[in-house]
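A.B. asks: Just a sequence and a predicted model for now, questions to come.
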Amino acid sequence: MTQNPENLTPPVADGGMPVPPPPPAAPVNTAPAAPYVMEPYRTAPDPVSPRRNYALFAGAGLVLGLGAGFLLAQIDFSSEPEPSVALTDAVSSCGVEDTTGIELGDEGQSLTMDSEGKESYGADFADITCVLDAIDIPDSVSNRMNATRSLDGRLTAEWDEFAASWSYHPDSGMNVVIEIPEPSED
């Protein structure tokens, strides 16, 4: 069955019935055509802008700096030794914490002791001797204290971690100051 292009009558089958036209061909691509841009090569993505790099580095540096600062703040770099408790322990061991004439000062780093005199009240000389023995006063310093006269003025001595100064007058008694000086920074 061939059809003459000049004859526009539909073809007829053997039984005299006309043959229906063939179905339309299915389209190859049903998506709408997009404009095609030729790219010669696929390049790497654009590098991050320099401004963004600075912000990233600044942010990372800030976080690291704060973290390091916090950690360093937790460390005690002071070279100061713990304060001595020798004077406090000596006063406690003799039981004279509340005795008139014996007074700790400077957060336990100094001790002032005043004995009784003819015209003044103060600690008993035995209490003062107990405290001095508790801090291991050398015999030489103890003998100098016992031999002090009012004309001698204020005398001084040092031993171990202690520095002492004392004076004596019969009317006011003996005045003894014991200190634990801070170490000098050489």
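C.D. replies: Structure received. Residues are numbered from 1 along each chain as shown.
A.B. asks: Identify each buried residue in stretch 99-109, please.
C.D. replies: 99, 101, 102, 104, 108, 109 (16 or more other Cβ atoms under 10 Å). All C-beta spots, glycine's among them, are computed from the backbone N, C-alpha and C.
A.B. asks: how long is it from one end to the other?
C.D. replies: Start-to-end span of stretch 99-109 (Cα to Cα, to the nearest Å) is 18 Å.
A.B. asks: low pLDDT regions in this protein?
C.D. replies: For the chain, the stretches with pLDDT under 70 are 1-16, 26-53, 77-81, 183-186.
A.B. asks: Would you mind confirming that residue 138 makes contact with residue 159?
C.D. replies: Yes: using Cβ atoms under 8 Å, residue 138 is in contact with residue 159, at 5.2 Å.
A.B. asks: follow-up on the earlier one: the buried residues of stretch 99-109 in strands, which ones?
C.D. replies: Within these, residues falling in strands by DSSP state E are 102, 104.
A.B. asks: In a markdown table: the buried residues of stretch 99-109, plus distance to residue 120.
C.D. replies: Below are the buried residues of stretch 99-109 laid out as a markdown table (distance: Cβ to Cβ, whole Å):
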| residue | distance to residue 120 |
| --- | --- |
| 99 | 15 |
| 101 | 9 |
| 102 | 14 |
| 104 | 20 |
| 108 | 25 |
| 109 | 26 |
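A.B. asks: what about the longest helix in this structure?
C.D. replies: Secondary structure of the chain per DSSP state H: the longest helix is helix 50-73.
A.B. asks: how about the CA coordinates for whichever helix or strand comes after it, as PDB?
C.D. replies: The element immediately downstream of helix 50-73 (helix or strand, assigned by DSSP states H and E) is helix 86-94. Below are the C-alpha coordinates for helix 86-94, written out as PDB (Å, rounded to 0.1, in the frame of the first residue of the first chain):
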ATOM      1  CA  ALA A  86      56.400  29.600 113.000                       C
ATOM      2  CA  LEU A  87      55.400  32.500 115.200                       C
ATOM      3  CA  THR A  88      51.700  31.500 115.200                       C
ATOM      4  CA  ASP A  89      52.700  27.900 116.100                       C
ATOM      5  CA  ALA A  90      55.000  29.200 118.900                       C
ATOM      6  CA  VAL A  91      52.300  31.300 120.500                       C
ATOM      7  CA  SER A  92      49.800  28.400 120.200                       C
ATOM      8  CA  SER A  93      52.200  25.900 121.700                       C
ATOM      9  CA  CYS A  94      52.700  28.100 124.700                       C
END
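A.B. asks: and helix 86-94, what other elements does it pack with?
C.D. replies: strand 102-105, strand 110-114, helix 125-134 (3 or more Cβ pairs under 8 Å, 6 or more residues apart in numbering; DSSP states H and E).
A.B. asks: Which of the ones you listed has the highest mean neighbour count?
C.D. replies: Highest mean neighbour count among the helices and strands packed on helix 86-94 (mean count of other Cβ atoms under 10 Å): strand 110-114, with a mean of 20.
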